[in-house]
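In: sequence and computational prediction follow.
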Amino acid sequence: MAPEAGPLVLSEQIDHHITVITINRPERRNSFDGATAKAMEEAMDAFESDSDSRVAIIRGAGSSFSAGQDLKAAALGDFGTTERRGAFGVMGQRPSKPLIAAVEGHALAGGFELCLACDLIVASNDATMGIPEAAKALVAVGGGLFRLPKRMPYHLAMELALTGEPRSASYFAQWGLVNYVVETDSVFPTAVELARKIVASGPLAVKASTEIVRRAYDWTEETAWTRQHDYAGPAIKSEDTQEGIRAFLEKRDPVWKGR
């Protein structure tokens, strides 16, 4: 396939602490081939290692979030996955900091599974989401089949998996899978405002809380009482915790140091 002009994934930091990661293949509806997955992995690595960046927003260039795997590339044996972070360079190994999906247009197949790899979702009121693989004799292997039934009722998740029928963002919002459904031109601003609220919290506490909530599905309650301290312990013992207490008592905004 002929190479596209420009970076396949764009990354920029706004407001000092927010990273915006843009899938930049609008001519292919932001679908993923191997090179795009590698570019996403590199963006995730940079976000993970940047101590100044506390939350990332993932969006698609143009009018679509992502159509998933680039099927033309797949027909040539070129799949959108990496050895380390897995599908689309993020689904198998997510960064320890929160991810927000800002969805406009279509988020289908792997595009929807990319949303499920994120921790919060903001979508436009005309967005369409779903896992249509089974209808094409394919299987959704980007995490959708095991993450979706953890986010919404079993029978509804099964219907989506077996029929492949896409649904509106509003449908998913009523089951709690989408945080906010807004007008198209409000998707990114709403995602940014959500990110700013996260940034206002203590960064170490945010990382610990993100990891604990992600793992809560897999822990028994008995196990969780112990395992949560693997992540909460360093945050609780940090300078930021003392700063948060002082700021509350002094009725001022805290100044976080991330340590």
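Out: The structure has been received and is ready for your questions. Residues are numbered from 1 along each chain as shown.

In: hey, where'd the helices end up in this structure?
Out: If DSSP state H is used as the criterion, the helices of the chain fall at 34-49, 71-75, 110-116, 144-151, 154-163, 169-174, 187-199, 203-216, 221-236, 239-249.

In: tell me which of those helices sits most buried.
Out: Highest mean neighbour count of the helices of the chain: helix 110-116, a mean of 29 (counted as mean count of other C-beta atoms under 10 Å). For every residue, glycine as well, the C-beta is placed using N, CA and C.

In: can you give me the buried ones in stretch 132-141?
Out: Neighbour-count burial for stretch 132-141 flags Pro132, Glu133, Ala134, Leu138, Ala140, Val141 (criterion: 16 or more other C-beta atoms under 10 Å).

In: please report how far the third one lies from Thr184.
Out: Ala134 sits 29 Å away from Thr184, going by C-beta to C-beta, to the nearest Å.

In: cool, the second one as well?
Out: Relative to Thr184, Glu133 is positioned 26 Å away (criterion: C-beta to C-beta).

In: what residue, apart from its backbone neighbours, is nearest Gly62 spatially?
Out: Pro26 (3.0 Å; C-beta to C-beta, 6 or more residues apart in numbering).

In: so the one you found sits right up against Ser66, yeah?
Out: No: shown here, Pro26 and Ser66 do not form a contact pair, counting by C-beta atoms under 8 Å, at 10.5 Å.

In: what residues are shared contacts of the two?
Out: Residues touching both Pro26 and Ser66 by C-beta atoms under 8 Å, 6 or more residues apart in numbering: Gly60.

In: these two: who's more crowded?
Out: Of the pair Pro26 and Ser66, Ser66 is the one with more neighbours under other C-beta atoms under 10 Å, namely 31 against 15.

In: residues contacting the nearest residue in space to the more buried one that is not next to it in sequence?
Out: Leaving aside its sequence neighbours, Ser66 sits nearest to Gly111 (C-beta to C-beta, 6+ apart; 3.2 Å). Contacts for Gly111 (C-beta under 8 Å, 6+ apart) come out as Asn30, Ser31, Gly60, Ser64, Phe65, Ser66, Ala67, Gly68.

In: isn't Ala169 up against Met129?
Out: Yes: assessed by C-beta under 8 Å, Ala169 is found in contact with Met129 at 6.1 Å.

In: which residues do the two both contact?
Out: Shared contacts of Ala169 and Met129 (C-beta under 8 Å, 6+ apart): Val103, Ala123, Val178.

In: got these as JSON lines, with neighbour count columns?
Out: JSON lines is the format used below for the shared contacts of Ala169 and Met129 (neighbours: other C-beta atoms under 10 Å):
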{"residue": "Val103", "neighbour count": "31"}
{"residue": "Ala123", "neighbour count": "31"}
{"residue": "Val178", "neighbour count": "24"}
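
In: closest one of those residues to Glu211?
Out: Taking C-beta to C-beta as the measure, Glu211 lies nearest Val178 of the shared contacts of Ala169 and Met129, at 22.3 Å.

In: tell me who's in contact with that closest one.
Out: With contact set as C-beta under 8 Å, 6+ apart, Val178 has these partners: Val103, Ile121, Val122, Ala123, Met129, Ala169, Ser170, Phe172.

In: ditto for Leu114
Out: Counting by C-beta under 8 Å, 6+ apart, the residues that Leu114 touches are Ile58, Phe65, Ser66, Phe88, Val90, Met91, Ala101, Ala107, Gly142.

In: out of the residues you listed, which one sits closest to Pro7?
Out: Ile58 (14.8 Å).

In: now the closest one: how far from Thr163?
Out: Going from Ile58 to Thr163 by C-beta to C-beta gives 27 Å.
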